[in-house]
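> mind folding the following:
(2 chains)
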Amino acid sequence: NAGVMQNPRHLVRRRGQEARLRCSPMKGHSHVYWYRQLPEEGLKFMVYLQKENIIDESGMPKERFSAEFPKEGPSILRIQQVVRGDSAAYFCASSRGFQITDTQYFGPGTRLTVL
Amino acid sequence: DAKTTQPPSMDCAEGRAANLPCNHSTISGNEYVYWYRQIHSQGPQYIIHGLKNNETNEMASLIITEDRKSSTLILPHATLRDTAVYYCIVRVLGDSNYQLIWGAGTKLIIKP
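Numbering: from 1, shown residues only, chains lettered A, B, ... in the order given. Take a look at the predicted model:
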């Protein structure tokens, strides 16, 4: 039973390029969450999606960041025109539901480095 | 802001029980306590969660005080692979209960 999959594991981009991070949830999970972790800090919530719907994007920067979870395929976190401050680890989590007792399981993360 | 307070770091000898405390004095009646850990550079790993009763699984035990203002995660026989940052998280009620609010956690170092 595969866990949450994320790819790529490491991504290097130059300033101004686009970064695409992919997340495949655990089997049977239709709720996906993205978190960002800066060095030496805890994770920060970015966005919560269900299939084809963005439920809460209150943690996303207003510009350059977008997320989707299409009917078929993985969830995508897209960062346009990356800047050095976007360098971080991005983690995806999935769950069966959104209730307080629905455990979120995390993927291995994508480490984005912006040169 | 995180609703929990944890010591920044702890040491434990290999083979001994590691007891990690967490204060959550403002917890509400139906809010759950979750524990995750993050081994260096890896994704957070779910450990255990509980409401008011003590819980045990194959990884750890969770002891919640009767007033629910604090809890302790117990790793019964710590190994070197248990060295990690341990996060105690209160799942808050309300519309945004799915947002996990992460504090700084406790850096647990298991020593041989």
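
> make sure residue B:19 is indeed in a strand.
Yes - the assignment for residue B:19 (DSSP: H, G, I helix; E, B strand; the rest coil) places it in a strand.

> how close does it get to residue B:64?
14 Å (Cβ to Cβ, to the nearest Å). All C-beta spots, glycine's among them, are computed from the backbone N, C-alpha and C.

> more neighbours, those two?
Remark: of residue B:19 and residue B:64, residue B:64 carries more neighbours, 21 against 15, as counted by other Cβ atoms under 10 Å in any protein chain shown.

> what sits against the residue lying closest to that one once chain neighbours are set aside?
Excluding the flanking residues, the one nearest residue B:64 by Cβ to Cβ, 6 or more residues apart in numbering or on different chains is residue B:71, at 4.5 Å. With contact set as Cβ atoms under 8 Å, 6 or more residues apart in numbering or on different chains, residue B:71 has these partners: B:21-22, B:24, B:33, B:50, B:62-65, B:88.

> just flag the most distant two among those residues.
Maximum pairwise distance among the contacts of residue B:71 (Cβ to Cβ): 14.6 Å, between B:21 and B:50.

> re the thing from before, nearest to residue A:108 among the contacts of residue B:71?
Taking Cβ to Cβ as the measure, residue A:108 lies nearest residue B:88 of the contacts of residue B:71, at 22.3 Å.

> sorry, back to before: neighbour count winner among residue B:21 and residue B:50?
Taking neighbours as other Cβ under 10 Å, residue B:21 and residue B:50 compare with residue B:50 leading, 18 against 15.

> kindly state the beta-bridge partners for that one.
Beta-bridge partners recorded for residue B:50 (DSSP bridges): residue B:33.
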